[in-house]
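> sequence? don't have it. structure:
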């Protein structure tokens, strides 16, 4: 279950980053602007649900120990990176939700049902959410590259079978 959640969340986040970058280049009147935004909101909501389940799973399911071959600073880096990614998996979709519902309107989840606005937020709160969303999502991209690079380093250079453990 941990591996399935890991890869579902990772693929969703990578897709959201790509979709977000693509959407930035669209104008409000582009025919894909609203469809891209609806898809982005839906996948972001899905990431929040998956991250919530993942967090609960991590609390109750035994996790495999880190590899014994890791050096002390690699263990610390792994813990920091995993912690940052876990926090970002919540900050990005929550800030996106605040942006999307800031005017008090709901949005649709893959056209199946509406996700309601819990409350209307002030412009200053919306602006803060935009900043948080921007920096956290770029941060996720950077941290994910570091995470993937470390996995490749441990597999290819150190021979620790890291990728085999993750697949």
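Here it is on my side, so go on. All values reported here derive from a predicted model rather than from experimental measurement.

> you'd agree residue 26 is in a helix?
No - Residue 26 is assigned coil when assessed by DSSP: H, G, I helix; E, B strand; the rest coil, not a helix.

> what does the model give it for pLDDT?
Note on residue 26: pLDDT of 92.

> find the nearest non-adjacent residue to it, please.
In space, and not counting its chain neighbours, residue 26 is closest to residue 33: 4.4 Å by Cβ to Cβ, 6 or more residues apart in numbering. To be clear about C-beta, it is placed using only N, CA and C from the backbone, and glycine gets the same treatment.

> count of residues packed around the one you found?
By the measure other Cβ atoms under 10 Å, the count of residues near residue 33 is 14.

> list the buried ones in the strand or helix carrying residue 164?
Secondary structure assigned from DSSP states H and E places residue 164 in helix 162-166. Of the residues in helix 162-166, residue 162 count as buried by neighbour count, 16 or more other Cβ atoms under 10 Å.

> show me what it is packed up against.
helix 123-152 (3 or more Cβ pairs under 8 Å, 6 or more residues apart in numbering; DSSP states H and E).

> buried stuff in the helix it packs on?
Neighbour-count burial for helix 123-152 flags 126, 129, 132-133, 136-137, 139-141, 143-144, 147, 150-151 (criterion: 16+ other Cβ under 10 Å).

> all helices of this structure, in order?
Assigned by DSSP state H, the chain shows helices spanning 2-24, 31-60, 72-101, 123-152, 162-166.

> and of those, who's closest to residue 109?
Relative to residue 109, the nearest member of the helices of the chain by Cβ to Cβ is helix 31-60, separated by 5.2 Å.

> now do the closest one, average pLDDT.
95.

> re earlier: for the buried residues of helix 123-152, which one is nearest residue 37?
Nearest to residue 37 among those, counting by Cβ to Cβ, is residue 133 at 13.1 Å.

> and the gap between that closest one and residue 94?
9 Å (Cβ to Cβ, to the nearest Å).
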